[in-house]
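*Asks:* predicted structure and sequence below. I'll ask about it afterward.
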Amino acid sequence: MKKVLIIEDEKAIAKALELKLKKAGFDARGVSNGQEGLDILQKEKYDLILLDLVMPVMDGFTMLTELKKMNIEVPVIILSNLSQKGDEKKARDLGAKDFFIKSNTSISFIVEEVKKIIK
């Protein structure tokens, strides 16, 4: 079973993603900040990360940088409300595979994108 780590501080969004992904046949787990995500990734292997950019403790940009430093290679999809072109470019430069604006993207669409990336 493919594993997806959801790193998102908005609990309602994280829970909805987790439920939809589980229903689609993924092993999904949600945590609320980048530091928690890194701690888990040091112990467990995941097939994909859904990552918010603005979070307490450690933001998404810092997390992407840390993943690189630690040689943890996992596809990352950014889910953010930051819609500046510069934010998307920065995230992609740091290794993000995709970038979606939360308010413009349905959870069903995100699940379909996850399927495409980790089939």
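*Replies:* Nice, I can see it.

*Asks:* the helices in the protein, which residues?
*Replies:* For the chain, helices defined by DSSP state H occupy the ranges 11-23, 34-43, 60-69, 85-93, 107-117.

*Asks:* list the buried ones in the last one?
*Replies:* By neighbour count with 16 or more other Cβ atoms under 10 Å, helix 107-117 contains the buried residues 110, 111, 113, 114. The C-beta positions use only the backbone N, C-alpha and C, and glycine is treated the same way.

*Asks:* just the fourth one next, same as before
*Replies:* For helix 85-93, burial by neighbour count (16+ other Cβ under 10 Å) applies to 87, 88, 90, 91.

*Asks:* and the contacts of it?
*Replies:* Residues outside helix 85-93 that contact it (Cβ atoms under 8 Å, 6 or more residues apart in numbering): 53, 60, 61, 64, 78, 80, 99.

*Asks:* and for stretch 4-17?
*Replies:* By Cβ under 8 Å, 6+ apart, the surrounding residues in contact with stretch 4-17 are 18, 21, 26-34, 36-37, 40-41, 46-52, 54-56, 60, 63, 74, 79, 102, 107, 110-111, 114, 118.

*Asks:* what residue lies at the spatial centre of this protein?
*Replies:* Nearest to the geometric centre of the chain sits residue 50, at 1.5 Å (Cα atoms, centre = their mean).

*Asks:* list the beta-bridge partners for that residue.
*Replies:* Here residue 50 sits in beta bridges with residue 6, residue 77, going by DSSP bridges.

*Asks:* quick one on the thing from earlier: and the helices of the chain as CSV, adding mean pLDDT and distance to residue 1?
*Replies:* Converted to CSV, the helices of the chain look like this (pLDDT from 0 to 100; distance: least, Cβ to Cβ, whole Å):
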stretch, mean pLDDT, distance to residue 1
helix 11-23, 96, 10
helix 34-43, 95, 16
helix 60-69, 96, 22
helix 85-93, 92, 27
helix 107-117, 96, 13
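
*Asks:* adding distance to residue 5, write the ones you listed out as a markdown table.
*Replies:* Below are the helices of the chain laid out as a markdown table (distance: least, Cβ to Cβ, whole Å):
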| stretch | distance to residue 5 |
| --- | --- |
| helix 11-23 | 10 |
| helix 34-43 | 6 |
| helix 60-69 | 11 |
| helix 85-93 | 16 |
| helix 107-117 | 11 |
